[in-house]
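Asks: model the structure of this input:
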Amino acid sequence: MTTGRTFEYQVQTGDKWGYTITVTPADAVTGRYPQITRKGFKSERAARSAMNEAIGTVAKEGAPATNTGISVRDWADKWLAANDGKLRPWTRKTYHHTVEHYIIPHLGSLPLGKLSPRHIQRMYDTLGESLSQVTVHRVHRTLRTCLLAAVKEGVLDKSPTSRVESPERRSVQRKTLSVTDAKRMLAWMQAERPTTYRAAFLAIYTGMRQGEVAGLQWQDIDFEAGLIRIQRTRQRIAKTDTLGAAKTYGSHRRIIVVPMVIEELKRWRDEQKESPLGCAPDSFVVQTDAGKTPAPAAWTTVIRMARKELDLPPVTFHDLRHTHATWLLESGVDLKTVSERLGHASITITADLYGHVTDDMQRKAMEKLGAMLKEKER
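Replies: Now for the predicted structure:
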């Protein structure tokens, strides 16, 4: 028979209440009676009510899995399997890579119930010796999500990540191209690698993400209005193309483009119409001459070739999007407009990424203000 008791404990903000229920029968492996403890109730009455509800749930559904016999590796594998179908392909790949290469080698053999903040902090410190802060922060986010799922399912009472300071995530200042260098790169690609040229052209002049460029179809372009609708992304994982919705709610957006971009898109469309496969509304804008969808990852290789050939700054394909944003800010476009154009979830993200650019803009503004004040003093 499952039994329970309430208890009172002291915290800085005042007295709190909790409960512990003991579940029968005993665990077949350990011989112990599983216990479930919950804290944080404002009164004994609230704790007792929640306890009775929990006892009823256990009586009806059985006891939740206990953490005594499951390792961090086993729980992480279970968590990944349970969420694989719910995740976007790239997120799923990132979670698997992070768990397999970072979390399991350092924590996998530990019993989940014995995992402590000290273990986690030691892992962060070790990883920080060879990995970037951005990568360590990604490990932290993945582990936190994994352990919070264990709390939700009753496998853990509390996640040990809540008592570990989140690794600092410093935004890396991205490399960008000047207008002259960008035109040199595009000219080289147009002659040597025309498919990548189209992808790079769109990234530079619209600020679209790599997956958004890959997923762009002709039906997404309004030639009369001079705008592009971002509707979907295309990713290639393990040689398989996957179409998905845009990254976030804010990623679904309309991008106004300059007439030069529309004219170039019209030229591409006319070329596709002359190809054997034609140019249907759902045809991809960036495709090979044979009508096949290129692998987006290959575009970075071509950019590396162009950099070497032209002695350009060490930019990646993603940096072409940052180049576009930097040009906008240097042209005096306000931060909110740039944020919406890039499809950022928050203007804070934009401000963090381009703080160095906006600082320069402020300095120039103060120079103008200082000149005006001196003029008025005369």
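Asks: only C-alpha atoms from now on, for both contacts and neighbour counts.
Replies: Noted.
Asks: just give me the neighbour total for Gln217.
Replies: When neighbours are counted by other Cα atoms under 10 Å, Gln217 registers 22.
Asks: per-residue pLDDT of the spatially most central residue of the chain, please?
Replies: The centre of the chain sits closest to Thr91, judged by Cα atoms, centre = their mean, with a distance of 7.3 Å. Per-residue confidence (pLDDT) for Thr91: 83.
Asks: give me phi/psi at it?
Replies: With angles defined as degrees, to the nearest 10, Thr91 sits at phi -60, psi -40.
Asks: roughly how far apart are it and Glu44?
Replies: Separation of Thr91 from Glu44 (Cα to Cα, to the nearest Å) stands at 42 Å.
Asks: contact partners for Leu227?
Replies: Contacts for Leu227 (Cα atoms under 8 Å, 6 or more residues apart in numbering) come out as 221, 254-257.
Asks: oh, that last question was meant for Pro294, not what I typed.
Replies: Pro294 neighbours (Cα under 8 Å, 6+ apart): 195, 286-288.
Asks: so which of those residues sit within strands?
Replies: Using DSSP state E, no member of the contacts of Pro294 sits in strands.
Asks: which of these has the most neighbours?
Replies: Of all the contacts of Pro294, Val286 has the most neighbours under the rule other Cα under 10 Å, reaching 25 neighbours.
Asks: pLDDT weak spots in the protein?
Replies: Applying pLDDT under 70 to the chain picks out residues 1, 10-15, 27-32, 61-69, 169-173, 238, 247-250, 358, 378.
Asks: elements contacting the lengthiest helix in it?
Replies: Longest helix in the chain, counting residues (DSSP state H): helix 355-377. Secondary-structure packing of helix 355-377 (3 or more Cα pairs under 8 Å, 6 or more residues apart in numbering; DSSP states H and E): helix 317-330.
Asks: now the helix it packs on, how far from the chain's geometric center?
Replies: When C-alpha coordinates are averaged (Cα atoms, centre = their mean, to the nearest Å), helix 317-330 and its chain have centres 19 Å apart.
Asks: and it with helix 355-377, angle?
Replies: Here helix 317-330 points in a direction 10 degrees away from that of helix 355-377 (axes from the mean of the first three to the mean of the last three Cα atoms, to 10 degrees).
Asks: pull the residues that contact helix 317-330.
Replies: Contacts of helix 317-330 (Cα under 8 Å, 6+ apart): 174-178, 200, 203-210, 299-300, 303, 335, 338, 342, 354, 357-358, 361.
Asks: which element follows it toward the C-terminus?
Replies: The helix or strand immediately downstream of helix 317-330 is helix 335-342, counting by DSSP states H and E.
Asks: ok, residues contacting that next one?
Replies: With Cα under 8 Å, 6+ apart as the test, helix 335-342 has contacts from 207-208, 250-251, 253-255, 325, 328-329, 346-347, 350-351.
Asks: for that helix, buried residues please.
Replies: 335, 338-342 (16 or more other Cα atoms under 10 Å).
Asks: swap in stretch 163-183?
Replies: Under the neighbour-count criterion of 16+ other Cα under 10 Å, stretch 163-183 has 164, 167, 174, 176-177, 181-182 buried.
Asks: is it possible to export these to a markdown table including secondary structure?
Replies: Shown next, in a markdown table, are the buried residues of stretch 163-183 (DSSP: H, G, I helix; E, B strand; the rest coil):
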| residue | secondary structure |
| --- | --- |
| Val164 | coil |
| Pro167 | coil |
| Arg174 | coil |
| Thr176 | coil |
| Leu177 | coil |
| Asp181 | helix |
| Ala182 | helix |
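Asks: show me the domain layout of this structure.
Replies: 3-61, 72-163, 179-360 (automatic domain parsing).
Asks: looking at the contacts of helix 335-342, which is nearest Lys16?
Replies: Nearest to Lys16, judged by Cα to Cα, of these is Ser346 at 36.5 Å.
Asks: give me phi/psi at that closest one?
Replies: Here is the backbone geometry of Ser346 (degrees, to the nearest 10): phi -150, psi 150.
Asks: so how far is stretch 274-293 from its chain's centroid?
Replies: 30 Å.
Asks: so how far does it reach from one end to the other?
Replies: 17 Å.
Asks: surely Ser283 meets Gln217?
Replies: Yes: using Cα atoms under 8 Å, Ser283 is in contact with Gln217, at 5.4 Å.
Asks: mind exporting stretch 149-159 as PDB, just the C-alpha atoms?
Replies: Taking Å, rounded to 0.1, in the frame of the first residue of the first chain, the C-alpha atoms of stretch 149-159 are listed here in PDB:
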ATOM      1  CA  ALA A 149      12.200  15.900 -18.900                       C
ATOM      2  CA  ALA A 150      13.300  13.500 -16.200                       C
ATOM      3  CA  VAL A 151      11.800  15.800 -13.500                       C
ATOM      4  CA  LYS A 152       8.600  16.100 -15.500                       C
ATOM      5  CA  GLU A 153       8.300  12.300 -15.600                       C
ATOM      6  CA  GLY A 154       9.000  11.900 -11.900                       C
ATOM      7  CA  VAL A 155      12.400  10.200 -12.500                       C
ATOM      8  CA  LEU A 156      14.200  13.000 -10.700                       C
ATOM      9  CA  ASP A 157      12.900  15.300  -8.000                       C
ATOM     10  CA  LYS A 158      15.000  18.200  -9.100                       C
ATOM     11  CA  SER A 159      17.400  18.900 -11.900                       C
END
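Asks: so which bits of that stretch are buried?
Replies: Applying a neighbour-count criterion of 16+ other Cα under 10 Å, one finds 149-150, 154-159 buried in stretch 149-159.
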